[in-house]
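J.: Sharing a model that was predicted from the sequence below.
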Amino acid sequence: MAKRYINLLPPEEQKHIRLEGLNYAVASFGVRVLLSFVFFIAFIFGAQIILNQEIDDLNEQVAARSRELQNIKQPAVQKEIEALNRNLDNLQALLPSGEDWTPILVEFARLLPADLTVDSILITREDGKIEVAGHGDTRESALKLRDNLLESRYFKDVNFPLSNLEKARNVDWKYRFYYNPEKLKE
């Protein structure tokens, strides 16, 4: 059975109590809306601060990457690029000459002792000059390369730089010699 409340107050006071209840409900709703609005504003303000900080961090990263790119464009790198371009130009000049360089390169590779490494090779077609530089484990290997070059019919006028004899181990070596043009035509 449901309980019933009986209000014995006069109708004016009953109306007044209903209006107070309605007034309380409206005021409570207004406070909740106001608190929600304040919370929303605080959230938006916090998000704006965080996003501004992220933007600043990204700008710093972009500036750092820009500085790195500027460092790459320094003269040392430019000189390396120019040297590489010269070597590519030299290669392009050698390729269309109609001469087959394979026998000379194969012969040089055959003469090269196993523990020597070639760092650079420069072949000049006009005068037949070959300049080779590299490094190896022992001085004896560098001397063995010279002996092999002297014995080969493909090469002539092998120079003997004394810098190849400076160290007994971990040797940096270089030679200048000339190829025999008749061997290119065989």
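T.: Received, thanks. Numbering: from 1, shown residues only.

J.: Helix or strand: which one has residue 174?
T.: strand 169-179 (DSSP states H and E).

J.: Tell me which strands that strand pairs with, and in which orientation.
T.: Paired strands of strand 169-179, with direction, are strand 129-138 (antiparallel), strand 155-156 (antiparallel) (DSSP bridges).

J.: Columns mean pLDDT, mean neighbour count and distance to residue 91 on top of those, output as TSV?
T.: For glycine as for every other residue, the C-beta is placed from the backbone atoms N, C-alpha and C. Shown next, in TSV, are the strands paired with strand 169-179 (pLDDT from 0 to 100; neighbours: other Cβ atoms under 10 Å; distance: least, Cβ to Cβ, whole Å):
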stretch	mean pLDDT	mean neighbour count	distance to residue 91
strand 129-138	88	17	14
strand 155-156	87	18	20
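
J.: Now for residue 143, how many residues are close by?
T.: Neighbourhood size, residue 143 [other Cβ atoms under 10 Å]: 16.

J.: same deal with the one 3 residues further on?
T.: Counted by other Cβ under 10 Å, the residues lying close to residue 146 total 18.

J.: Residue numbering should commence at 551 henceforth.
T.: Yes, from this point I'll number from 551; that puts the last item at residue 696.

J.: what about this protein, any weak spots by pLDDT?
T.: For the chain, applying pLDDT under 70 flags the ranges 551-552, 622-623, 644-650, 733-736.

J.: Show me the helices in it, by range?
T.: 561-622, 625-644, 652-661, 689-701, 731-735 (DSSP state H).

J.: what's the closest of these to residue 720?
T.: Closest of these to residue 720 is helix 689-701, at 9.7 Å (criterion: Cβ to Cβ).

J.: Identify each buried residue in the closest one, please.
T.: 689, 691-696, 698-699 (16 or more other Cβ atoms under 10 Å).

J.: angle of it against helix 652-661?
T.: 140 degrees (axes from the mean of the first three to the mean of the last three Cα atoms, to 10 degrees).

J.: now what about helix 689-701, what contacts it?
T.: Identification of contacts with helix 689-701 by Cβ atoms under 8 Å, 6 or more residues apart in numbering yields 661-663, 665-666, 686, 705, 708, 710, 714-715, 717-719, 721, 723, 725, 727.

J.: can you do 7 Å?
T.: If you take Cβ atoms under 7 Å, 6 or more residues apart in numbering as the criterion, helix 689-701 is touched by 661-663, 665-666, 686, 705, 708, 710, 714-715, 717-718, 721, 723, 725, 727.

J.: and it, C-alpha only, in PDB?
T.: The C-alpha coordinates for helix 689-701 follow below in PDB (Å, rounded to 0.1, in the frame of the first residue of the first chain):
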ATOM      1  CA  ARG A 689     104.700  -4.100 -45.200                       C
ATOM      2  CA  GLU A 690     105.700  -7.400 -47.000                       C
ATOM      3  CA  SER A 691     102.300  -7.500 -48.700                       C
ATOM      4  CA  ALA A 692     102.800  -4.000 -50.000                       C
ATOM      5  CA  LEU A 693     106.200  -5.000 -51.300                       C
ATOM      6  CA  LYS A 694     104.700  -8.200 -52.800                       C
ATOM      7  CA  LEU A 695     102.200  -6.100 -54.800                       C
ATOM      8  CA  ARG A 696     105.100  -4.000 -56.200                       C
ATOM      9  CA  ASP A 697     107.000  -7.200 -57.200                       C
ATOM     10  CA  ASN A 698     103.800  -8.600 -58.800                       C
ATOM     11  CA  LEU A 699     103.300  -5.300 -60.800                       C
ATOM     12  CA  LEU A 700     106.900  -5.400 -62.000                       C
ATOM     13  CA  GLU A 701     106.600  -9.000 -63.200                       C
END
